[in-house]
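Student: show me the folded form of this:
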Amino acid sequence: MARAGAGAPGGRINRRFLMLALVSAALSAVLVYVALNQGGTTDKASSETSAEIVVAAVEIPARTQITAEMVKLKSVPVSAKMTTVYEDLEDAVGRVTRYPIEIDEQVTSAKTVSLRGEQETDALAFVIPSGMRAISIKADQVLSAGGLVLPGDYVDILAVFNVEDQKGEEREAYLVRTILQNVEVLAVAQTIADVPPEEDTNGAANASANQGQRARASEAEPDPEATTLTLLVQPEQAEWLFLAEANGTLRAIVRGFGDSETPDVRPIIETELLPAGFVPPPPRAQ
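Tutor: Numbers count the residues shown, from 1 in each chain. Down below sits the predicted model:
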């Protein structure tokens, strides 16, 4: 009995240690479970607040065609991602920079133009095929198909000239001839100059910059009654246009969609508008 009594306290102590060990193990398991769940949530949250975008791997000068070595993918916070940034390297490779792009700067569609055939009216030099030229002619809107000529239209250009008769008297608007046929209109506006668009940290382009991309610094004062037609022509055709504009009045006539015929069109003179056999009456006595 004495031995049993003596051993009882030791048994109670062992049971206490065993209970403490079980509680500690259970607590440790709970803590590990919570830690693992928190880690997964953190990783998920991290992936949801970042985005992979295309940035410059090197400094890219303006008017440079982007190669695969010039760009890379980079993970940035979603709040720093610009709206017009590329997310695929293939979308950026092959485009041409309009403005210099610094290392790690985001490569956006606003800073580049395409050479793959899309119409890029804000970067005229990049849409002119090799061997062709762009020339602007100033014409009153009334003389340009009622002001309805649009970029992408194809037009014929007529020129009306004053002519001196045998007596040396000038006959106004005496002759009209077709100077050019089936030429593409690249732009319809007053002379413009590109300005880099500004973008905020959320990627939204500044509203005034969006409207101002076609705004232009010009020494000439704007003429609200005039418009400039920028035409795609061959070098020799540019000479014809320049000379015709300097000596006559030009009119652009719009072609129908898909009409590329260039028939021979002879010049017309003023007297041909009169009926056959018509004899003008003598001038009235003063």
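
Student: right, and the helix or strand after the helix or strand encompassing residue 238?
Tutor: For residue 238, the host element (DSSP states H and E) is helix 235-247. Downstream of helix 235-247, the next assigned helix or strand under DSSP H and E is strand 248-254.

Student: coming back round to it: could you give the angle of the helix holding residue 238 to strand 248-254?
Tutor: Orientation check (axes from the mean of the first three to the mean of the last three CA atoms, to 10 degrees): helix 235-247 against strand 248-254 gives 120 degrees.

Student: and the residue nearest to residue 154 when sequence neighbours are not counted, what does it touch?
Tutor: The shortest distance from residue 154 to any non-neighbouring residue, by CB to CB, 6 or more residues apart in numbering, is to residue 255 (4.5 Å). Bear in mind the C-beta positions are built from the backbone N, C-alpha and C, glycine included. If you count contacts by CB atoms under 8 Å, 6 or more residues apart in numbering, residue 255 has them with 153, 154, 155, 156, 182.

Student: and if you look at residue 64?
Tutor: 70, 96, 97.

Student: most neighbours of all the residues you listed, which one?
Tutor: Greatest neighbour count in the contacts of residue 64, by other CB atoms under 10 Å, goes to residue 97: 20 neighbours.

Student: that one is in contact with residue 61, isn't it?
Tutor: Yes - between residue 97 and residue 61 there is a contact under CB atoms under 8 Å: 7.0 Å.

Student: can you list the contacts of residue 255 in a markdown table and add pLDDT and secondary structure?
Tutor: Output for the contacts of residue 255, formatted as a markdown table (pLDDT from 0 to 100; DSSP: H, G, I helix; E, B strand; the rest coil):
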| residue | pLDDT | secondary structure |
| --- | --- | --- |
| 153 | 82 | coil |
| 154 | 89 | strand |
| 155 | 92 | strand |
| 156 | 95 | strand |
| 182 | 95 | strand |
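
Student: scan those residues and report the most crowded one.
Tutor: residue 155 (21 neighbours).

Student: please report how far the spatially closest residue to it that is not a sequence neighbour lies from residue 90.
Tutor: With CB to CB, 6+ apart as the criterion, residue 155 has its nearest non-adjacent residue at 4.4 Å, and that residue is residue 252. According to CB to CB, to the nearest Å, residue 252 stands 39 Å off from residue 90.
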